[in-house]
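Chemist: my questions are about this predicted structure, shown below with the sequence.
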Amino acid sequence: MNKTILKTTTAPLYTFSADCHDLGDRIDGLIEEVIASSLSTDALAQSLSGGLAEVGTILRSIPGHEGRLLERGLAMIARSNPDLVVLTQNLRMPVTPAALQLVEKNSPEHYRSLTLDADHGGRKSYTPDLLILNRRTRLAHVVDVKRSLLSYESTRIDDLKARMLAAALVVPDLLYKEHRRLVAEEVRVVILSGDDRKCDIEGGIWPLSHLDHLFEVSGAYSGASARPFRQHAPTCSGAFAHL
């Protein structure tokens, strides 16, 4: 009688890992930087002495701080993968009527490998939070980071996705011309949501729990890089509890 021996492995899914003290320390420093600039004890005390109007200003600024912290922290985590080029600055992309029409009348798989001239813009544009290129696979992701999509109506989400897909058509030309001849053979779009209650993986709306797959970094979501966000979640509100 033959016996079948099943072998198991605990090897990580991806070559690179976010589970390192250096990354955790840098993200912790980023959080301290954001808190020190506008949410420190002194800043809060000063706003309280200035009356309700200044307190309201501080409270209204918190979502903006959370959003920027989320974007910068995710960029740090993505750079744990040396195959990735992570761009966050000067990413304004044209959204032309021709591109919107192409997106409207075709499925994404039919135009993901196409490119339009990045220099031929129109009145409309789109600026992603992250543009990530894997130099090994030549796959690029245009990423829009949202703290939550719960307040977004479906029509608003559809409009955002259409603008992202239309803007993504210029990414190969943009990367080649303006970023040292980087080559992207396929471009996809991802709306990364801090709240997983409106996610649609096939439709390009991903929860933060899919960071490992997006960055190809083991522990991008649940490893050491997540701890500083959790430690400061009471200070910067609940959005970071998802990281």
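Modeler: The structure has been received and is ready for your questions. Numbering: from 1, shown residues only.
Chemist: and the nearest residue to residue 126 once chain neighbours are set aside, what does it touch?
Modeler: If the residues on either side of it in the chain are set aside, residue 126 comes closest to residue 167, at 4.0 Å by Cβ to Cβ, 6 or more residues apart in numbering. (C-beta placed from N, C-alpha, C; glycine too.) Contacts here follow Cβ atoms under 8 Å, 6 or more residues apart in numbering; on that basis residue 167 touches 93, 94, 95, 99, 125, 126, 128, 142.
Chemist: who wins on neighbours among those?
Modeler: Using other Cβ atoms under 10 Å as the neighbour criterion, residue 99 leads these with 25 neighbours.
Chemist: need phi/psi at residue 143.
Modeler: phi -120, psi 130 (degrees, to the nearest 10).
Chemist: ok, now residue 88?
Modeler: According to degrees, to the nearest 10, residue 88 has phi -130, psi -10.
Chemist: ok, the nearest residue to it once chain neighbours are set aside to residue 135 distance?
Modeler: Excluding the flanking residues, the one nearest residue 88 by Cβ to Cβ, 6+ apart is residue 75, at 5.4 Å. Using Cβ to Cβ, to the nearest Å, residue 75 is found at 16 Å from residue 135.
Chemist: more neighbours: the two, which one.
Modeler: Taking neighbours as other Cβ under 10 Å, residue 75 and residue 135 compare with residue 75 leading, 19 against 13.
Chemist: sec struct for the more buried one, please.
Modeler: helix (DSSP: H, G, I helix; E, B strand; the rest coil).
Chemist: what's the pLDDT at it?
Modeler: In this prediction, residue 75 carries a pLDDT score of 93.
Chemist: isn't it right up against residue 86?
Modeler: Yes. Between residue 75 and residue 86 there is a contact under Cβ atoms under 8 Å: 5.2 Å.
Chemist: which neighbours do the two have in common?
Modeler: residue 130.
Chemist: now for residue 115, how many residues are close by?
Modeler: With other Cβ under 10 Å as criterion, residue 115 counts 18.
Chemist: please apply the same query to residue 201.
Modeler: Count around residue 201 with other Cβ under 10 Å applied: 11.
Chemist: which one is it nearest to, not counting chain neighbours?
Modeler: Using Cβ to Cβ, 6+ apart, the closest residue to residue 201 is residue 210 (7.3 Å).
Chemist: surely residue 67 is within a helix?
Modeler: Yes. Applying three-state DSSP, one finds residue 67 inside a helix.
Chemist: which ones among the contacts of residue 167 map onto helices?
Modeler: The helices, defined by DSSP state H, take in residue 99 from these.
Chemist: show me the two of the contacts of residue 167 that sit farthest apart.
Modeler: 99 and 128 (14.8 Å; Cβ to Cβ).
Chemist: pLDDT weak spots in this structure?
Modeler: For the chain, the stretches with pLDDT under 70 are 1-12, 21, 36-41, 43-44, 54-55, 58-59, 222-243.
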